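>>> build the 3D model from these lines:
(one chain, ligands or ions: 1)
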Amino acid sequence: MTEKHYLIQEDTAQKKIDLEVMKPVQGPLAVDVTKLYRDQGILTYDPGFMSTASCESSITYIDGEAGVLEYRGYPIEQLAKQADYLEVAYLLLYGELPNRSQLLEFDHIITHHTMLNENLKDFFGGFHYDAHPMAIMVGVVGSLSAFYHDSLDINNPRHREISAHRLIAKMPTIAAASYKHNISEPIVYPDNDLSYCANLLQMMFATPCEQYQPNPLAVEAINLLFILHADHEQNASTSTVRLAGSSQANPFACIAAGIASLWGPAHGGANEAVLNMLTEIGDLSNIDKYIAKAKDKKDPFRLMGFGHRVYKYYDPRANILREMCTKVLNELADSNNPMFELALKLEEIALKDEYFLQRKLYPNVDFYSGIIYRALNIPNNMFTVMFAIARTVGWVSHWLEMMSDPLQRIGRPRQIYMGSPRRDFVPLDERS
Ligand code: ACO
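Take a look at the predicted model:
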């Protein structure tokens with residue numbers, strides 16, 4: 001919905017420019033600058049996209065000042081309490097909560113797409129034994145495009161839907177196989193009698209000689225973590241998926257690009273980085289030293305799991321996870337877990353510190369997710385992989401939304417050129 005009559009002053013030419021203002025259903029107004037360059041020859045400059053909305057979207061709403069997160073209008077707190085991950089996946093993909101028969105059908109489809117092509121399994125053997133599972137994920141997910149030529153027509157809505165189902169279904173299988181490769185154990189096949197989350201645990205922890213019974217609280221915790229990580233509007237990895245997709249690349253290649261972007265410690269890699277940081281701090285007596293390091297501008301160290309580009313108030317997902325963290329540690333791990341004690345003390349000190357208060361740096365979702373995964377015996381290098389499994393439905397929903405948008409065109413930012421002005425080529429023997 002747009003309204004005309006917004007004016008800005010353009011200094012050099014001393015003229016006023018009419019720009020349209022877009023009014024969202026919720027959230028701040030946005031100035032539409034799409035015709036600014038065409039009509040006025042002026043670019044906008046916004047490194048890091050601090051003030052830029054890159055698209056219209058109907059999937060997820062965040063109010064960072066108020067700590068609000070909604071999927072398709074439903075508050076995250078309600079979904080976290082009452083929904084199953086596949087129900088939320090359906091909601092993100094199709095826009096509405098499924099009724100019972102729609103959910104059964106969706107569950108059936110996802111369950112029956114979990115197997116990998118036998119030839120794909122050979123890819124894992126090509127990786128060094130100690131390859132990081134995220135490196136394997138980037139490669140293997142990208143390679144799926146070499147297996148599904150039957151459904152790669154991105155202009156065919158049914159093909160797009162089949163690819164979406166395949167990606168959501170196969171991610172846990174690929175993730176578990178990456179882990180098995182990393183610990184030199186044989187790949188375990190999916191079990192169609194298990195739920196999405198229980199099946200993932202089974203594929204990670206069963207062996208051909210020993211069955212594995214997933215613990216119900218572990219399944220509940222994974223279900224919750226996956227719901228909380230399922231989508232987060234135009235974050236770095238989702239924007240990467242959209243940008244890759246805008247060139248009409250196939251969905252498997254786009255999701256591989258998203259996984260690569262997620263890997264960084266400023267984004268999804270933070271959950272692994274939090275545990276590494278807690279290990280490095282080691283003891284309550286070292287906390288003050290590390291808080292001082294985080295505040296020192298000459299020191300690159302940051303408190304991992306703190307701060308967020310959008311949330312300038314407590315991350316609502318962190319609130320929900322804090323409760324689950326206590327439950328899991330009490331019931332599944334040593335209740336005197338020193339890691340959690342350290343994390344709570346760090347949180348307590350940071351939340352009182354002027355530096356963090358002034359900059360509105362609160363714990364984010366990944367401050368707790370790593371601690372829970374650790375209590376479930378999931379190794380540190382798999383934390384970001386778990387995030388990638390959960391976020392696949394978000395990436396795919398945004399890709400589907402973008403591909404069905406008639407206004408969709410290639411994403412192509414411009415730049416402010418600051419290099420050398422034009423100069424003539426100097427032959428090699430004339431250069432000083
Ligand atoms: N520790 C110490 N200082 C911090 C931290 C931190 N974790 N985060 C931000 N700051 C400081 C910055 O140094 C800066 O200070 P200044 O104004 O004095 O220069 C100020 O807070 C603003 O920080 P920016 O880097 O400008 O904020 P931005 O929005 O670009 O970054 C980010 C957000 C990347 C999440 C950042 O807070 C960070 O690096 N956090 C740690 C990594 C992390 O937990 N990432 C996970 C995010 S959640 C997710 O992706 C699922």
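
>>> and E77, that's in a helix?
Yes. Counting by DSSP: H, G, I helix; E, B strand; the rest coil, one finds E77 located in a helix.

>>> where's it relative to F147, distance?
Using C-beta to C-beta, to the nearest Å, E77 is found at 39 Å from F147. No exception for glycine: its C-beta is placed from N, CA and C like everyone else's.

>>> what of T279?
39 Å.

>>> higher neighbour count, the two?
Taking other C-beta atoms under 10 Å, T279 and F147 do not tie; F147 has more neighbours (15 against 11).

>>> the closest residue to the more buried one other than its chain neighbours: how many residues sit nearby?
Closest residue to F147 apart from its sequence neighbours, by C-beta to C-beta, 6 or more residues apart in numbering: N117 at 5.1 Å. Other residues within reach of N117, judged by other C-beta under 10 Å, total 14.

>>> kindly report the same for D39.
11.

>>> could you find the closest non-adjacent residue to it?
Nearest one to D39, counting by C-beta to C-beta, 6+ apart, is I17 at 8.0 Å.

>>> residues contacting stretch 247-254, please?
141-145, 148, 152, 154, 160, 163-164, 167, 241, 244-245, 257, 395-396, 399, 410-411 (C-beta atoms under 8 Å, 6 or more residues apart in numbering).

>>> could I have the buried ones of those as PyMOL selection syntax?
Remark: buried members of the contacts of stretch 247-254, expressed as a PyMOL selection using 16 or more other C-beta atoms under 10 Å:
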select buried, resi 141+142+143+144+145+148+152+154+160+163+164+167+241+244+245+257+395+396+399
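
>>> please tell me I have it right and L97 contacts D84.
No. Here L97 does not reach D84: they are 10.8 Å apart, not a contact under C-beta atoms under 8 Å.

>>> what residues does the stretch 151-300 of the chain put near the ligand?
266-268, 270, 294 (C-beta under 6 Å from any ligand atom).

>>> and the residues you listed, which of them are buried?
267-268, 270, 294.

>>> cross these against helices and list the overlap.
Secondary structure assignment by DSSP state H places 270, 294 of those in helices.

>>> among the buried ones among the residues of the stretch 151-300 of the chain next to the ligand, list the two that are farthest apart in space.
Pairwise distances across these peak at 20.4 Å for G268 and A294 (criterion: C-beta to C-beta).

>>> returning to that earlier point: who are the packing partners of the one helix or strand the residue nearest to D39 maps to?
According to DSSP states H and E, I17 maps onto strand 15-22. Counting by 3 or more C-beta pairs under 8 Å, 6 or more residues apart in numbering; DSSP states H and E, the packing neighbours recorded for strand 15-22 are strand 2-10, strand 30-32, helix 36-40.

>>> strands paired with it, and their directions?
Applying DSSP bridges to the sheet, strand 15-22 is found paired with strand 2-10 (antiparallel), strand 30-32 (antiparallel).

>>> residue in the protein with the shortest distance to the ligand?
The minimum distance from the chain to the ligand, using C-beta to the nearest ligand atom, falls at G307 (2.3 Å).

>>> burial check on that residue, number of neighbours?
Residues near G307, counting by other C-beta under 10 Å: 20.

>>> again with the one 10 residues further on
With neighbours defined by other C-beta under 10 Å, the count for R317 comes to 28.

>>> quick check: it touching I76?
Yes. Using C-beta under 8 Å, R317 makes contact with I76 at a distance of 6.5 Å.

>>> now do the shared contacts for the two.
With C-beta under 8 Å, 6+ apart, R317 and I76 have common neighbours 69, 228.

>>> export the buried ones among the residues of the stretch 151-300 of the chain next to the ligand to JSON lines and append columns for pLDDT.
Shown next, in JSON lines, are these (pLDDT from 0 to 100):
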{"residue": "H267", "pLDDT": "92"}
{"residue": "G268", "pLDDT": "92"}
{"residue": "A270", "pLDDT": "90"}
{"residue": "A294", "pLDDT": "95"}
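
>>> what segments of the stretch 201-350 of the chain are strands?
With DSSP state E, counting those that start in this stretch, there are no strands along the stretch 201-350 of the chain.

>>> what residue ranges in it are flagged as low confidence?
Scanning the stretch 201-350 of the chain for pLDDT under 70 picks out 334-336.

>>> repeat the analysis, applying 90 as the threshold.
210-211, 272, 312-314, 326, 329-341, 343-344, 347, 350 (pLDDT under 90).

>>> that one: helices as residue ranges?
For the stretch 201-350 of the chain, helices defined by DSSP state H, counting those that start in this stretch occupy the ranges 216-229, 236-246, 251-262, 270-281, 287-295, 316-332, 338-350.

>>> among those, which comes closest to A135?
Of these, nearest to A135 by C-beta to C-beta is helix 251-262, at 9.4 Å.

>>> tabulate the CA atom coordinates of that closest one in PDB.
Output in PDB follows, covering the C-alpha atoms of helix 251-262 (Å, rounded to 0.1, in the frame of the first residue of the first chain):
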ATOM      1  CA  PRO A 251      16.900 -23.700  -5.400                       C
ATOM      2  CA  PHE A 252      19.600 -26.200  -4.300                       C
ATOM      3  CA  ALA A 253      22.400 -23.800  -5.300                       C
ATOM      4  CA  CYS A 254      20.500 -20.900  -3.500                       C
ATOM      5  CA  ILE A 255      20.200 -22.800  -0.300                       C
ATOM      6  CA  ALA A 256      23.800 -23.900  -0.400                       C
ATOM      7  CA  ALA A 257      24.600 -20.100  -0.700                       C
ATOM      8  CA  GLY A 258      22.400 -19.500   2.400                       C
ATOM      9  CA  ILE A 259      24.300 -22.200   4.400                       C
ATOM     10  CA  ALA A 260      27.600 -20.600   3.500                       C
ATOM     11  CA  SER A 261      26.300 -17.200   4.800                       C
ATOM     12  CA  LEU A 262      24.900 -18.800   7.900                       C
END
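
>>> quick check: angle from it to helix 236-246?
Relative orientation of helix 251-262 versus helix 236-246 (axes from the mean of the first three to the mean of the last three C-alpha atoms, to 10 degrees): 150 degrees.

>>> buried residues, helix 251-262. List them.
251-262.
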